[in-house]
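Engineer: heads up, no residue letters with this:
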């Protein structure tokens, strides 16, 4: 029978090693179990589809304005597009400012203005500016031709009084149409081509690129006047306003 020899093992301070491992594991568990805020796009929200050879709206929001396309959206489609807010009210003294910042749609003349709520919004449309220009990716990269040059007679200020109002844009490429409106209901009522797809502007709080700070009572608007939903045909800023909740429900 083979005899067994007692082997003396080196002594380690195991308590220190175990304690250190436990601390590191606890930290890891805390990190893994911290709640993460995820902003999911609603099922009814139109999906942004970048146009060919054009800047991506999602990328524009991030790089130009530091905005999240979903988390910062002020007018998401929760249920019915017709219930989405699209009217504004003047926030303070002085005029409202509505001006284009980037032109990425058709090269035919583009017009913009405001309107008063009406079953037929074409009856209250007022045009304040026009341009015929198309920015390029190079313009955005080099900060040239921004904002697009306006046609003679254009203005970017108006006074809507104390009543709610909406804003609109149109393009001469769709010559027989009144354009698209900030209220989906107005689009549905006035534009047969887009009545089945009336959500035509994404509205965000406006962040000043130079300071990185949000501008009080100012909104960034990404317009879509066609059907491909790239939402950057015209990018505008609207200042000295507050977005108001719609007073109607989705029932006709």
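Structural biologist: Nice, thanks for sending it over. These numbers were taken from a predicted model, which means no experiment stands behind them.
Engineer: In the chain, where is pLDDT below threshold?
Structural biologist: 1-44, 50-53, 246-252 (pLDDT under 70).
Engineer: ok, now with 90
Structural biologist: Of all residues in the chain, those with pLDDT under 90 make up the ranges 1-56, 79, 82-83, 85, 136-137, 141, 175-176, 208-212, 228-229, 245-252.
Engineer: biggest strand in it, by residue count?
Structural biologist: strand 214-223 (DSSP state E).
Engineer: List the buried residues in that one.
Structural biologist: 214, 217-223 (16 or more other C-beta atoms under 10 Å). For every residue, glycine as well, the C-beta is placed using N, CA and C.
Engineer: wait, what's in contact with residue 117?
Structural biologist: Contact analysis of residue 117 by C-beta atoms under 8 Å, 6 or more residues apart in numbering lists 87, 124, 164-166, 183, 186.
Engineer: Can you select the buried ones among those for me in ChimeraX?
Structural biologist: The following ChimeraX line selects those of the contacts of residue 117 that are buried, judged by 16+ other C-beta under 10 Å:
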select :87,164,165,166,183,186
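Engineer: Format the contacts of residue 117 as a markdown table; extra columns: distance to residue 148 and secondary structure.
Structural biologist: Shown next, in a markdown table, are the contacts of residue 117 (distance: C-beta to C-beta, whole Å; DSSP: H, G, I helix; E, B strand; the rest coil):
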| residue | distance to residue 148 | secondary structure |
| --- | --- | --- |
| 87 | 26 | strand |
| 124 | 26 | coil |
| 164 | 28 | coil |
| 165 | 23 | strand |
| 166 | 22 | strand |
| 183 | 25 | coil |
| 186 | 25 | helix |
